[in-house]
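Colleague: got a predicted structure plus its sequence, pasted below:
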Amino acid sequence: MTDSTHKPHGFTAETLDWTAWLDTVTLDNASPEQTAVLETSHPKAKTSDYYLLLVHEPEILRQRSGAFNSIMYAPGGLSRAERELASTVVSRVNGCVYCASVHAQRFTQLARRNDVIDQVFADPATAGTTARERAIVRFAIDLTLQPDAIGRDSLDALREVGLTPAAILDLSHTVAIFAWANRLMLTLGEPVFPQ
């Protein structure tokens, strides 16, 4: 494994924190509805500024968490590692250092390697250790930067490297949810690097 703790362009696979620029809900003041939504959103939601900020609107957070968890963790289709790779690519392209670090770590845990993550951080346009990875990375970049340019040829390139219709749909959902997730993270707070 190579060292993915270096920070080309500010990106890293180190564990980062995130701090909100707006007031968060304190657990002592959370309503029963807010507490229930936090408990079902993420294992660390009760200690995360991100979730404690979004829970100001508990129904929206409930819907967001349901969609996110279904897209990222549903069985079948695209592999979990490939979903994490696509998430890292989108986050890198969008400039979301925090999301890129989280999903780079998850890819490394699932794939047991980080070579492609180092490539994504250095230059996403050239990243990928196999034809399949390169096709996934290219599609994630294109859908992020030029969604109107996606067409039959884009999908054919994915089919040529073995992606099934279910995997292509999973990849599209992954890219789409990170277009949203990155914008929330980037406009509501900032990453905090280790001391």
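Modeller: Everything's here; your move. Owing to the predicted nature of the structure, the values given are computational and were not obtained by experimental measurement.

Colleague: was I right about T164 contacting G77?
Modeller: Yes: here T164 lies in contact with G77, judged by C-beta atoms under 8 Å, at a distance of 7.1 Å. C-beta here means a position set from N, CA and C on the backbone, and glycine is covered the same way.

Colleague: so which of these two has more stuff around it?
Modeller: More crowded of T164 and G77, by other C-beta atoms under 10 Å: G77, with 20 against 13.

Colleague: so who does that one touch?
Modeller: G77 sits next to 164, 166-167, 169-170 when contact means C-beta atoms under 8 Å, 6 or more residues apart in numbering.

Colleague: pipe the residues you listed into CSV and attach distance to P147 per row.
Modeller: Output for the contacts of G77, formatted as CSV (distance: C-beta to C-beta, whole Å):
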residue, distance to P147
T164, 22
A166, 21
A167, 19
L169, 15
D170, 17
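
Colleague: which pLDDT does the model give I117?
Modeller: Here, the pLDDT recorded for I117 equals 97.

Colleague: would you verify that it is located in a helix?
Modeller: Yes: counting by DSSP: H, G, I helix; E, B strand; the rest coil, I117 is part of a helix.

Colleague: who's in contact with the closest residue to it other than its chain neighbours?
Modeller: In space, not counting the residues next to it along the chain, I117 is nearest to A104; the distance is 4.6 Å by C-beta to C-beta, 6 or more residues apart in numbering. The contact partners of A104, taken as C-beta under 8 Å, 6+ apart, are 4, 11-13, 84, 88, 114, 117, 120-121.

Colleague: got a pLDDT number for the residue positioned nearest the centre of the chain?
Modeller: Closest residue to the average C-alpha location of the chain: S87 at 3.6 Å, with C-alpha atoms, centre = their mean. Reported pLDDT at S87 in the predicted model: 98.

Colleague: CA atoms only for whichever strand or helix holds it - export them in CSV, please.
Modeller: Remark: S87 resides in helix 80-94, with elements defined by DSSP states H and E. What follows is helix 80-94 as a C-alpha-only set of coordinates in CSV (Å, rounded to 0.1, in the frame of the first residue of the first chain):
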residue,chain,number,x,y,z
ARG,A,80,-19.7,-1.4,-1.9
ALA,A,81,-16.0,-0.6,-2.7
GLU,A,82,-16.9,0.7,-6.1
ARG,A,83,-19.6,2.9,-4.6
GLU,A,84,-17.0,4.3,-2.2
LEU,A,85,-14.6,4.9,-5.1
ALA,A,86,-17.3,6.9,-6.9
SER,A,87,-18.1,8.8,-3.8
THR,A,88,-14.5,9.7,-3.3
VAL,A,89,-14.2,10.8,-7.0
VAL,A,90,-17.2,13.0,-6.8
SER,A,91,-16.1,14.5,-3.5
ARG,A,92,-12.6,15.2,-4.9
VAL,A,93,-14.1,16.9,-8.0
ASN,A,94,-16.5,19.0,-5.9
